[in-house]
Each structure stands twice: as C-alpha cells, then as structure tokens.
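# Below are the sequence and a predicted model; questions follow.
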Amino acid sequence: MSTKHDCIFCRIVRGEIPARKVHEDEDILAFHDINPHAPVHFLLIPKVHVDNLYDTGPEHERVLGRMLGMAGELARREGAGDGFRVVINNGRVGRQEVYHLHVHVLGGPEPLGRA
C-alpha cells in the first residue's frame, strides 16, 4: 500500500506524472485509465487523498457527490451516450489496486459484459 506522499494518484494530481485528463476542477480529477477495459474507461478521483470508502465520512460527502454527479456528463462526452457502468473497488477483497479512492467509469457504443 502506498503512503499519501508517494501514491501514484496523488502524484498525478500534483502534475508529477502525466495523465490524459478528461476533467479537472478544485475537488476532482478525471483521467483515462492506462489499462482500459472498455472503449470508454476513465477514473474519477478526489484530489484529497482518501484510501477507500472505508475511510470516508460526512466530511467527504460533497466530493463523493461531485464525483458521481459528474460521471454521466463525462461518460456522455467521452462517447458512452447509451449507458455506462460505475465501479468502485474497495480493499484487498474488492480488488483495489491503487489505495486512493477512485471511481471507474466504463462504457462504449456496444453493451458491456455482465458485471
């Protein structure tokens, strides 16, 4: 597990690692997944480091709402105009690979396989 200082997503937020950005504002960053599993596959992350949903609380409601609230607009803009999937892997058993909370948005012109 990464520390907050060397977390790859924190490094992307700080501009130390390049990313193909989809959207950025004061609270969130969205960028293309480097290993896409669908024609449209990007991540939405809070700019503040939070390991996963276990570590969220009432103080994170605004940014969590913002992330989900932006998902549809960004998915449509990226080419998923007829539906998309939102996935949040949480913890080891949930197959979380990067311990910085992130939302996968997957879609495309054709239906995705069953979840």
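Received, thanks.
# Please name the bridge partners of Val40.
Beta-bridge pairing for Val40 (DSSP bridges): Gly107.
# tell me the contacts of it?
75, 78-80, 84, 105-108 (CB atoms under 8 Å, 6 or more residues apart in numbering). C-betas here are computed from N, CA, C, even on glycine.
# Double-check that Glu61 belongs to a helix.
Yes. The assignment for Glu61 is a helix, going by DSSP: H, G, I helix; E, B strand; the rest coil.
# i'd like the first residue to be 239 from this point on
From this message on, residue numbering opens at 239, which makes the last subject Glu299.
# returning to that earlier point: would you mind putting the contacts of Val278 into CSV with pLDDT alongside?
Putting these into CSV (pLDDT from 0 to 100) gives the following:
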residue, pLDDT
Ala313, 98
Glu316, 97
Gly317, 96
Ala318, 96
Phe322, 97
Val343, 98
Leu344, 97
Gly345, 96
Gly346, 89
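# Of these, which count as buried by neighbour count?
313, 316, 318, 322, 343-346 (16 or more other CB atoms under 10 Å).
# Of the residues you listed, which is the nearest to Arg249?
In terms of CB to CB, no member of these lies closer to Arg249 than Val343, at 21.2 Å.
# Thanks a lot, catch you later.
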